[in-house]
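K.L.:
What would the 3D arrangement of this be:
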Amino acid sequence: MLKKCVVMAALVLALSPAAAHADWLFTPNLGTTFGGSTNGNDHFTYGASIGWMGAGIFGWEADLSYTPEFFEPGDGDFDFVDNSNVVSVMGNALIGIPIGGQHGAGFRPYLAAGLGLLSREVQSSNDLFNVSTHDWGFNLGAGAMGFMTEHIGVRGDIRYLRSFKDIGDNFDAGAFHYWRGTAGVTFRW
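P.N.:
Have a look, this model is predicted:
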């Protein structure tokens with residue numbers, strides 16, 4: 001009788017579903033900005049994101065990007081800007097379906113949406129003007145993560161970022177906006 005109970009217990013344990021597993025993700029990234037307020041000039045951008053994806057399809061991330069020389073003109077244009085940059089700090093909700101599971105190799109397409117801060121700085125040569133703004137903004141995007149091993153993969157996404165004009169009575173979209181495409185190595189634990 002004891003032998004049958006042990007065999008039954010081992011069979012039930014072997015056939016029971018695995019415990020839910022959540023992933024922490026860290027992704028340093030490089031990319032470019034384009035469209036909208038970039039005035040036809042692509043700009044190098046870099047940053048990082050840290051996030052968490054639950055055992056299901058929902059997660060969150062904190063995303064930081066820095067784009068130097070954002071307001072610099074293209075080659076051959078008159079350059080009166082000495083220094084400029086754009087910094088975005090966003091908190092995002094993620095929705096992504098793990099194809100191939102959450103262990104080992106796998107693929108996860110995802111959608112991202114969030115709110116945060118868009119900071120812009122522009123300094124002219126000869127200190128003629130110095131403009132610094134910090135506006136609330138939002139971003140919407142999509143991308144994919146692919147893992148070759150349990151802990152290392154690649155990630156790429158494209159996002160649309162836009163400032164809010166007025167937080168008072170309404171959430172109208174502001175005039176400052178651009179697209180950002182990035183790729184990076186993702187570390188999962």
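K.L.:
what about residue 175, neighbour count?
P.N.:
9 (other Cβ atoms under 10 Å). All C-beta spots, glycine's among them, are computed from the backbone N, C-alpha and C.
K.L.:
cool, and residue 164?
P.N.:
A count of nearby residues for residue 164, using other Cβ under 10 Å, gives 17.
K.L.:
Parallel or antiparallel, list what pairs with whichever helix or strand it is part of.
P.N.:
Secondary structure from DSSP states H and E places residue 164 in strand 152-166. The sheet places strand 152-166 alongside strand 130-147 (antiparallel), strand 172-188 (antiparallel), with pairing taken from DSSP bridges.
K.L.:
need these in CSV with mean pLDDT, can you?
P.N.:
Rendered in CSV, the data for the strands paired with strand 152-166 read as follows (pLDDT from 0 to 100):
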stretch, mean pLDDT
strand 130-147, 94
strand 172-188, 92
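K.L.:
so can I have a markdown table of these showing distance to residue 62?
P.N.:
Shown next, in a markdown table, are the strands paired with strand 152-166 (distance: least, Cβ to Cβ, whole Å):
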| stretch | distance to residue 62 |
| --- | --- |
| strand 130-147 | 12 |
| strand 172-188 | 15 |
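K.L.:
Nearest to residue 22 among those strands would be which one?
P.N.:
strand 172-188 (10.4 Å; Cβ to Cβ).
K.L.:
next one: that closest one to chain centre, how far?
P.N.:
Distance of strand 172-188 from the chain centroid (Cα atoms, centre = their mean, to the nearest Å) equals 6 Å.
K.L.:
what does stretch 39-53 give?
P.N.:
For stretch 39-53, the distance to the chain centre is 7 Å (Cα atoms, centre = their mean).
K.L.:
quick one: low-confidence parts of this structure?
P.N.:
Along the chain, segments meeting pLDDT under 70 span 1-21, 74-79, 166-172.
K.L.:
what about the residue positioned nearest the centre of the chain, helix or strand, and which?
P.N.:
Closest to where the C-alpha atoms of the chain average out (Cα atoms, centre = their mean) is residue 63, at 5.0 Å. Secondary structure from DSSP H and E places residue 63 in strand 58-68.
K.L.:
list the buried ones in that strand?
P.N.:
By neighbour count on 16 or more other Cβ atoms under 10 Å, the buried set for strand 58-68 is 59, 61, 63, 64, 65, 66, 67.
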